[in-house]
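Engineer: Fold the following.
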Amino acid sequence: MRRRIGHHVRIALVAKLAVVAVLAASWVALTGVAQARQVVIVGNLRDGSVTVIDQRSLKVMGTINVTPDGKTPQDPSQAAAYPVIVKEKGVNYVQGLALSPDGRTLYVSRGYLGDVAAFDVASRKLLWRLEVAGIRADHVALSPDGRRLFVAALTANEVQEIDTTTHQFIGSFPTGDWAHVLEFTPDDRYIVNGSLGNQLLPSGFPTRFWMTFADPKTLQVQRVLKFDAGVRPFAFSADGSLAYVQFSYFNGFKVVDTSSGAIRHTVALPVEGPAVGEAPSKYPNEAAHHGISLSGNGATICDAGTVSNYVALVARRSLKTRAIIPVGSQPADTQTSSDGRLCFVTNRGTGAGGNTLSVISFPRLREIARIRVGQGPQEVIIGTIPNKVLRRAGLLPRHRRRSRREPRAGQSATQN
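Structural biologist: Numbers count the residues shown, from 1 in each chain. Now for the predicted structure:
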């Protein structure tokens, strides 16, 4: 009899604990006590700021000035080259972005300022900066554990590695000419750089258009794939065996075998709008298409048609175009949302619809929102930032009551 009573008591206790857990979860939902928020971060290259957007509501939360120390290079050699670069290419204060895994530190490669800077998100203060080799800091990539930051030193033809704890350069590996985009393979086994080729050389002059695969731990180059055009943004298949690569002057992308470098398929996309009749030599920075990513389920490719002001959604398996979606001026980069259902696209141009972020729905095959951001939106990333950090930064009201549609901490937002 005692065993039966004890058994019933235990069952009742478990039931009460379950009720308490449900009530606690309900209290969190009603009071808005959440730990973190999924955000979209857009780097604005012309005004030297980043725009922070709530990934769920698609509302701008605020901006952070990432050039508080001025808009001219501090290194004498970089400062000497700066006026010439600006005359030829325009200003570039924000090239690449990365957010630490804990959401507390934002890393920015500051283009023609020639450095990488780290910012405390909560206080918005500059923590440290390092000048890269050469005269331009290009894209960055952060290791999954947040301990190593890789930056493409464009004109130095190398990728440099920074220890984010000591704030020091700790190594580098060589690349092709003009190191550009950086990505980790899906298994994090390699850090991969795509090089543009030296754009100052006369047309047809030998230069190195490479995809360089390096071990992120040893910095030893493991493999080099060589091409006949500058390597622009690329995205990997889930198993990493294929890369969907954009190339200089090419309207579309190519499917590359990442082991051999063989071109498995060529996907030519239409030339539309402002690009019709335009000579490729007039393409901005030689980029016909710039920005490519895959939907969360891997079924659809989101391709930014920079010179044609559209986004193409392409079925990954059949490589057939599902939709051509008009967006703003000069779409420049893409990023897939945390839930995999949206493609965020920056429109960096000054024409109609420029200085905005287009939000493309993969399921609906259309643009569902266009958000005003800063001047010259270039790179876009997603991440998670603790609410207390956002509040300290003034990016989240201190006594805001969360609506029932907003996700609790750790939940993915469900769009559409």
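Engineer: helix or strand right after the helix or strand of the chain with the lowest mean pLDDT?
Structural biologist: Sorting the helices and strands of the chain by mean pLDDT, DSSP states H and E puts helix 2-31 at the bottom, at a mean of 45. Next in sequence after helix 2-31, counting helices and strands by DSSP states H and E, comes strand 36-44.
Engineer: Strand partners (parallel or antiparallel) of the next helix or strand after that next one?
Structural biologist: Once the chain leaves strand 36-44, the next helix or strand it forms, by DSSP H and E, is strand 49-54. Applying DSSP bridges, strand 49-54 is found paired with strand 36-44 (antiparallel), strand 60-65 (antiparallel).
Engineer: Quick check: mean pLDDT of the shortest one?
Structural biologist: The one in question is strand 60-65. The average pLDDT within strand 60-65 is 98.
Engineer: Just the residues contacting the helix or strand following it, thanks.
Structural biologist: Next helix or strand after strand 60-65 toward the C-terminus (DSSP H and E): helix 76-89. Contact with helix 76-89 is made by 72, 73, 112, 113, 114, 131, 135, 136, 285, as judged by C-beta atoms under 8 Å, 6 or more residues apart in numbering. For every residue, glycine as well, the C-beta is placed using N, CA and C.
Engineer: mind saving the C-alpha coords of helix 76-89 as PDB?
Structural biologist: What follows is helix 76-89 as a C-alpha-only set of coordinates in PDB (Å, rounded to 0.1, in the frame of the first residue of the first chain):
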ATOM      1  CA  PRO A  76      50.100  56.800 -44.000                       C
ATOM      2  CA  SER A  77      50.400  54.500 -47.100                       C
ATOM      3  CA  GLN A  78      46.600  53.800 -47.100                       C
ATOM      4  CA  ALA A  79      45.900  57.500 -46.600                       C
ATOM      5  CA  ALA A  80      48.100  58.400 -49.600                       C
ATOM      6  CA  ALA A  81      46.200  55.900 -51.900                       C
ATOM      7  CA  TYR A  82      42.800  56.800 -50.500                       C
ATOM      8  CA  PRO A  83      42.000  59.900 -52.700                       C
ATOM      9  CA  VAL A  84      42.800  58.000 -55.900                       C
ATOM     10  CA  ILE A  85      40.700  55.000 -54.800                       C
ATOM     11  CA  VAL A  86      37.800  57.100 -53.900                       C
ATOM     12  CA  LYS A  87      37.900  58.900 -57.300                       C
ATOM     13  CA  GLU A  88      37.900  55.600 -59.200                       C
ATOM     14  CA  LYS A  89      35.700  53.400 -57.000                       C
END
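Engineer: after that helix comes which helix or strand?
Structural biologist: Sequence-wise, the next helix or strand downstream of helix 76-89 (DSSP H and E) is strand 96-99.
Engineer: Let's test this: mean pLDDT of that next one, rounded?
Structural biologist: Averaging pLDDT along strand 96-99 yields 98.
Engineer: Sheet partners, orientation included, of that strand?
Structural biologist: strand 105-109 (antiparallel).
Engineer: wait, residue 272 sits on residue 306?
Structural biologist: No. Proximity of residue 272 to residue 306 does not meet the contact threshold set by C-beta atoms under 8 Å, at 11.6 Å.
Engineer: higher neighbour count, these two?
Structural biologist: Between residue 272 and residue 306, counted using other C-beta atoms under 10 Å, residue 306 has the larger neighbour count: 27 against 15.
Engineer: For that one, which non-adjacent residue is spatially closest?
Structural biologist: Among residues not flanking residue 306 along the chain, residue 290 sits closest, at 4.6 Å (C-beta to C-beta, 6 or more residues apart in numbering).
Engineer: so who does that neighbour touch?
Structural biologist: Taking C-beta under 8 Å, 6+ apart as the test, what residue 290 contacts is 232, 233, 246, 304, 306, 331, 332, 333.
Engineer: Please convert the buried members of the contacts of helix 76-89 into PyMOL selection syntax.
Structural biologist: Filtering the contacts of helix 76-89 down to the buried ones (16 or more other C-beta atoms under 10 Å) takes a single PyMOL command:
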select buried, resi 73+112+113+114+131+135+136
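Engineer: Relative to residue 93, which of the contacts of helix 76-89 is nearest.
Structural biologist: Minimum distance to residue 93 across the contacts of helix 76-89 is 6.4 Å, recorded for residue 113 (C-beta to C-beta).
Engineer: So what's the predicted local confidence for that closest one?
Structural biologist: For residue 113, the model assigns a pLDDT of 95.
Engineer: Tell me both backbone torsions, phi and psi, for it.
Structural biologist: Phi and psi for residue 113, reported as degrees, to the nearest 10, are phi -80, psi -20.
Engineer: That one touches residue 66, doesn't it?
Structural biologist: No. The criterion here is C-beta under 8 Å, and residue 113 misses it with residue 66 at 9.9 Å.
Engineer: quick one: common contacting residues for these two?
Structural biologist: The contact sets of residue 113 and residue 66 overlap at residue 93 (C-beta under 8 Å, 6+ apart).
Engineer: just so I know, which of the strands paired with strand 49-54 lies nearest residue 252?
Structural biologist: Smallest distance to residue 252 across those (C-beta to C-beta): 25.1 Å, for strand 36-44.
Engineer: quick one on the thing from earlier: by neighbour count, which of the contacts of residue 290 wins?
Structural biologist: That'd be residue 331 among the contacts of residue 290, by other C-beta under 10 Å, with 32 neighbours.
Engineer: which ones are touching the residue nearest to it when sequence neighbours are not counted?
Structural biologist: Leaving aside its chain neighbours, residue 331 sits nearest to residue 304 (3.9 Å; criterion: C-beta to C-beta, 6+ apart). When contacts are counted by C-beta under 8 Å, 6+ apart, residue 304 touches 289, 290, 291, 292, 311, 327, 331, 332, 333, 334, 345.
Engineer: Where does the prediction get shaky in this structure?
Structural biologist: Within the chain, the stretches with pLDDT under 70 are 1-34, 398-416.
Engineer: who does the residue most central in space within it bridge with?
Structural biologist: Centroid check for the chain by C-alpha atoms, centre = their mean gives residue 381 as the closest residue, at 3.6 Å. Counting by DSSP bridges, residue 381 is bridged to residue 41.
Engineer: Next up, the contacts around it.
Structural biologist: Applying C-beta under 8 Å, 6+ apart to residue 381 gives the contacts 40, 41, 97, 98, 99, 335.
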